[in-house]
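Chemist: Provide a 3D model corresponding to the input given below.
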Amino acid sequence: MIQEIKNGNEAVFKDVFIIYSHKLYHYLLLKTRSEYLANEVTQLTFIKLWKYRQSLSESIPFSTQIFQIAKTTMIDELRKEERHKTNLKKLSTAENIFKSETENINTDLHVKDLQQALDKAIDKLPPVRRKVFQMSRQEQLSHKEISNSLSISIRTVDKHIQLALQSLKPVVKNK
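Modeler: Numbers count the residues shown, from 1 in each chain. Okay, here's the model as predicted:
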């Protein structure tokens, strides 16, 4: 049988396929626990058997040789699958990093736009209201400190901040 396959006898090769394909498939299914991989490796085993038929040895039992081809093919396919999974993980990680960086850039741009819009709106406030608001929010002074600094009542400070916030609220909502 080995000599006939080595000589390219397709009828004998077909017989070998019929005899060994189910045995190989079940052996590979047991090893891989994957119908897809077992089927794929079975097919690849017979392709390799035909392609490298000249290297078959007549001193080694045929079943030993075909199962050895199946075993090495299975190992090759499992390695390919593992590399594929690793590459997918790397790609997924790179994609997440890119997405995260893009989100950070978009957030930074949004914050800058909002800050510019707020700065413009603050500049349009009446001078005393603008000064009170800046002292409160930017300089972090208390209402009493602002009152003493500008020589106005605490209630006036409260009113200026309240009016400033009312006029700035639409700017924040629109951004």
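Chemist: can you pull the contacts of residue 37?
Modeler: 28, 74, 77, 78, 81 (C-beta atoms under 8 Å, 6 or more residues apart in numbering). Bear in mind the C-beta positions are built from the backbone N, C-alpha and C, glycine included.
Chemist: Next up, identify which helix or strand residue 139 is on.
Modeler: Here residue 139 sits in a region with no helix or strand, counting by DSSP states H and E.
Chemist: rewinding a little: between the contacts of residue 37, which is closest to residue 131?
Modeler: Using C-beta to C-beta, residue 81 is the member of the contacts of residue 37 that lies nearest residue 131, at 69.1 Å.
Chemist: Give the closest residue to the closest one in space, chain neighbours not counted.
Modeler: Excluding its sequence neighbours, the residue lying closest to residue 81 (C-beta to C-beta, 6 or more residues apart in numbering) is residue 37, at 7.5 Å.
Chemist: For the one you found, give its distance to residue 75.
Modeler: 11 Å (C-beta to C-beta, to the nearest Å).
Chemist: residues of stretch 156-167 that come out buried?
Modeler: Of all the residues in stretch 156-167, those buried under the rule 16 or more other C-beta atoms under 10 Å are 156, 157, 160, 161, 164.
Chemist: pretty sure the last one contacts residue 133?
Modeler: Yes: assessed by C-beta atoms under 8 Å, residue 164 is found in contact with residue 133 at 4.1 Å.
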